[in-house]
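Colleague: Turn this into a structure:
(one chain, ligands or ions: 2)
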Amino acid sequence: MAPWGYEKDNGPAHWHKDCPIANGKNQSPIDLINGEVKYDSGLKPLTAKYVPFSDAKFLNNGHSVQFQPSAGNGSELTGGPLAVKYNFEQFHFHWGNNDTEGSEHRVDGKMYPAELHFVHWNSTNPSFKDAVGSGGPNGLAVLGFFLKVGAENAALKPITDLIPKVKDAGTSVTVPSNFDMQAILPATLTDYYTYDGSLTTPPLAECVKWIVFKQPLEVSAAQMEAFRSVINRDGKPMGGNYRPPCPLHDRAVKTSFK
Ligand SMILES: NCCOCCOCCNC(=O)c1ccc(S(N)(=O)=O)cc1
Ligand SMILES: [Zn+2]
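Modeller: Ligands and ions are numbered 1, 2, ... in the order given. I've put the predicted structure just below:
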């Protein structure tokens, strides 16, 4: 099979052939249906401590654009539904070709124009790859933020300004060391949905504690257009790099908010 993608001939409907877990019972993304979630007063705010990076890359890997510091950057995530400390690995985006589509998770069937994923791995593992393969939903913790079109996002501007430099698949640039990743996050990481799920791209491993924030971040129309100029491995616009929602089966979605 051609490498996986989001086109007719290699998109989400084909992924099960190489990754049979695609039809598993803990797949992501899902539609977050407010009438079916359950408030959990035990869910505390999350704490993300992101330290400045000395040598981080921003790259086009053919199916997303991704910020990736060198291993062992000392940034960590704790709290919320997490029992242990998680190390930051990378962040990346999913988006659409217009403002009516693009996010992976949905809220009562509504899609946002884009979704930002901060990927972290359980620090009781020796490496990220071990965490992916560790079995069970505690290998990774991914923070999902919906993006909506509005004011320019000053914290993301250093990243969206680099997009023209990684327009083509397989290209990357070094990110200026004064880039402040912490500034992207809201001041308090409260009001989120959380559930046990999977990677939303192959290998689709069911190793993820998902934490999706209720409050979208804003980006300007120009910043959205920057994403839409990115080209995928087939030389086509990368927009549409989102997996449709998967069945919830007998999972519960908990919320930290009433
Ligand atoms: N390819 C087989 C070996 O796989 C080893 C682990 O590789 C994992 C590569 N994928 C990822 O790291 C990865 C990370 C996050 C997300 S997502 N969109 O669910 O946040 C999807 C994918
Ligand atoms: Zn993602």
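Colleague: most centrally placed residue in this structure?
Modeller: The centroid of the chain falls nearest to residue 117 when counting by CA atoms, centre = their mean (2.0 Å).
Colleague: host element of the residue of the stretch 1-150 of the chain found nearest ligand 1?
Modeller: The minimum distance from the stretch 1-150 of the chain to ligand 1, using CB to the nearest ligand atom, falls at residue 117 (3.8 Å). To be clear about C-beta, it is placed using only N, CA and C from the backbone, and glycine gets the same treatment. Take DSSP states H and E as the rule and residue 117 turns out to sit in strand 114-122.
Colleague: Parallel or antiparallel, list what pairs with that strand.
Modeller: According to DSSP bridges, strand 114-122 has the following sheet partners: strand 86-95 (antiparallel), strand 140-149 (antiparallel).
Colleague: Would you mind putting those strands into CSV with distance to residue 233, mean neighbour count and mean pLDDT alongside?
Modeller: As requested, these are arranged in CSV below (distance: least, CB to CB, whole Å; neighbours: other CB atoms under 10 Å; pLDDT from 0 to 100):
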stretch, distance to residue 233, mean neighbour count, mean pLDDT
strand 86-95, 15, 24, 98
strand 140-149, 23, 22, 98
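Colleague: Redo those strands as TSV? Include distance to residue 56.
Modeller: Putting the strands paired with strand 114-122 into TSV (distance: least, CB to CB, whole Å) gives the following:
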stretch	distance to residue 56
strand 86-95	9
strand 140-149	18
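Colleague: Dump those to JSON lines, plus distance to ligand 1.
Modeller: Output for the strands paired with strand 114-122, formatted as JSON lines (distance: least, CB to the nearest ligand atom, whole Å):
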{"stretch": "strand 86-95", "distance to ligand 1": "7"}
{"stretch": "strand 140-149", "distance to ligand 1": "5"}
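Colleague: so who does the residue of the stretch 1-150 of the chain closest to ligand 1 touch?
Modeller: 91-94, 142-144 (CB atoms under 8 Å, 6 or more residues apart in numbering).
Colleague: So what pairs up with it in the strands?
Modeller: residue 92, residue 144.
Colleague: Could you check the pLDDT of it?
Modeller: As predicted, residue 117 sits at a pLDDT of 99.
Colleague: how far away is it from residue 245?
Modeller: According to CB to CB, to the nearest Å, residue 117 and residue 245 sit 16 Å apart.
Colleague: Ok, residue 186 next?
Modeller: 25 Å.
Colleague: Contact distance from ligand 1 - what residues of the stretch 51-200 of the chain qualify?
Modeller: 117, 119, 129, 132, 142, 199-200 (CB under 6 Å from any ligand atom).
Colleague: Toward the C-terminus, what is the element adjacent to the biggest helix by length in the chain?
Modeller: Taking DSSP state H as the criterion, the chain has its longest helix at helix 221-228. Downstream of helix 221-228, the next assigned helix or strand under DSSP H and E is strand 254-255.
Colleague: Can you give the strand pairings for that following strand, parallel or anti for each?
Modeller: strand 38-39 (parallel), strand 192-197 (antiparallel).
Colleague: After the strand holding residue 117, heading C-terminal, what element do we hit next?
Modeller: Later in the chain than strand 114-122, the nearest helix or strand by DSSP H and E is helix 128-132.
Colleague: Who are the packing partners of that next one?
Modeller: When contacts are defined as 3 or more CB pairs under 8 Å, 6 or more residues apart in numbering; DSSP states H and E, helix 128-132 packs onto strand 114-122.
Colleague: can you give me the angle the strand it packs on makes with helix 221-228?
Modeller: 70 degrees (axes from the mean of the first three to the mean of the last three CA atoms, to 10 degrees).
Colleague: and of the strands paired with strand 114-122, who's closest to residue 169?
Modeller: Nearest to residue 169, of all the strands paired with strand 114-122, is strand 86-95, at 13.8 Å by CB to CB.
Colleague: from the middle of its chain, how far away would that closest one be?
Modeller: Relative to the centre of its chain, strand 86-95 is centred 5 Å away, using CA atoms, centre = their mean, to the nearest Å.
Colleague: Next: stretch 152-168.
Modeller: Offset of stretch 152-168 from its chain centre (CA atoms, centre = their mean): 17 Å.
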